[in-house]
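**Q** pasting the structure only:
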Ligand code: IPD
Ligand code: CA
Ligand code: CA
Ligand code: CA
């Protein structure tokens, strides 16, 4: 049997090797394609990084399935699926900003976020920090365990968020940000969902929300935040499902969700 801890070690090794590839190749990054809109870019390094992750998984874990941003789904027979974001924060990566990461998660069960069980995850960021967690085994920033206890009030919250790539959705997301600005200490938009969640795990952000995340944006980092004591859930309180994801300490989660609804967020909107 493969334990969550063993899967975390695989996730870390894959994230580390891929982070080295993208950090080394950054000066040559070029836009290779666009996806949901003209601003939704893919560089040739996203494709190379996804290829490396898939090649390594084919060698190390040939019976597992793969769900990755830049490639077709690969079926498996083991019941484990690897959920891959080869570069989270592609726009930052292209512009030479430090906020980007490789995200690798292992989940069991049906590979949709509503029903899967996250087992392990690793997020290696552009400054070389390795964030990781295994189910029931805690969360880590490099070798340092992460456990959040402080839960500031909503008006003392430094709140992270992000935006989708489609114009109409961004306009609506902007209106919600406007509504939230008067409710919290301040708002940050770093451009890398996986790192946003890791920063909540470490208390560098108090909380985070975003509409329209894809499974690979949060598969690893939601587990890291949860293992650090953060509540990460969809607006209805169930597992994040790509509509509105909210990460906050349990004591303030409900208040934040209510404030978001007052600011215009709703339960049905925002799937990617
Ligand atoms: C994006 C980033 C961004 C978030 C978007 C994601 P990508 O991922 O995480 O911060 O706001 O929702 O799609 O495209 O850079 O992998
Ligand atoms: Ca992308
Ligand atoms: Ca992403
Ligand atoms: Ca990506």
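**A** Ah, there it is. None of these values were measured; they are calculated from a predicted model. Numbering: from 1, shown residues only. Ligands and ions are numbered 1, 2, ... in the order given.
**Q** residues in contact with the longest helix seen in the chain?
**A** Counting by DSSP state H, the longest helix found in the chain is helix 4-24. Contacts to helix 4-24, defined as CB atoms under 8 Å, 6 or more residues apart in numbering, come from residues 45, 48-49, 52-53, 56-57, 60-61, 80, 86-87, 93, 100-106, 119-126, 128, 130, 132-137, 220. C-beta here means a position set from N, CA and C on the backbone, and glycine is covered the same way.
**Q** switch to 7 Å and redo it
**A** With contact meaning CB atoms under 7 Å, 6 or more residues apart in numbering, helix 4-24 is reached by 45, 48-49, 52-53, 56, 60-61, 86-87, 93, 102, 104-106, 119-124, 126, 130, 132-137, 220.
**Q** Please flag which of the residues you listed sit within helices.
**A** Using DSSP H, the contacts of helix 4-24 in helices are 45, 48-49, 52-53, 56, 60, 93, 220.
**Q** Now distance to ligand 1, pLDDT and neighbour count too, for these, in TSV please.
**A** As requested, the ones in helices among the contacts of helix 4-24 are arranged in TSV below (distance: CB to the nearest ligand atom, whole Å; pLDDT from 0 to 100; neighbours: other CB atoms under 10 Å):
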residue	distance to ligand 1	pLDDT	neighbour count
45	12	98	24
48	15	98	19
49	11	98	26
52	16	98	18
53	13	98	25
56	19	98	17
60	23	98	12
93	8	98	27
220	12	98	35
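**Q** okay, the residues you listed in CSV with distance to residue 188 next?
**A** Putting the ones in helices among the contacts of helix 4-24 into CSV (distance: CB to CB, whole Å) gives the following:
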residue, distance to residue 188
45, 25
48, 29
49, 25
52, 30
53, 28
56, 33
60, 36
93, 18
220, 20
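**Q** In a markdown table: those, plus distance to ligand 4.
**A** Formatted as a markdown table, the ones in helices among the contacts of helix 4-24 follow (distance: CB to the ion, whole Å):
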| residue | distance to ligand 4 |
| --- | --- |
| 45 | 10 |
| 48 | 13 |
| 49 | 9 |
| 52 | 14 |
| 53 | 12 |
| 56 | 17 |
| 60 | 22 |
| 93 | 9 |
| 220 | 12 |
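**Q** can you give me the strands for the stretch 51-200 of the chain?
**A** Ranges of strands in the stretch 51-200 of the chain, per DSSP state E, counting those that start in this stretch, are 65-68, 80-88, 101-108, 117-125, 130-134, 138-141, 144-146, 158-161, 186-188.
**Q** Could you list the buried residues of the fourth one?
**A** The reference is to strand 117-125. Buried residues in strand 117-125, defined by neighbour count with 16 or more other CB atoms under 10 Å: 118-125.
**Q** same thing with the last one?
**A** Buried positions in strand 186-188, judged by neighbour count with 16+ other CB under 10 Å: residue 187.
**Q** Going forward, the N-terminal residue is numbered 144.
**A** New numbering, starting at 144: the last item is strand 329-331.
**Q** Any residue of it touching ligand 1?
**A** No - Strand 329-331 is not in contact with ligand 1 by CB under 6 Å from any ligand atom; minimum separation 10.9 Å.
**Q** quick one: average pLDDT of that strand?
**A** Averaging pLDDT along strand 329-331 gives 98.
**Q** next one: the first one
**A** Mean pLDDT, strand 208-211: 98.
**Q** List the buried residues of that strand.
**A** By 16+ other CB under 10 Å, the buried positions in strand 208-211 come out as 208-211.
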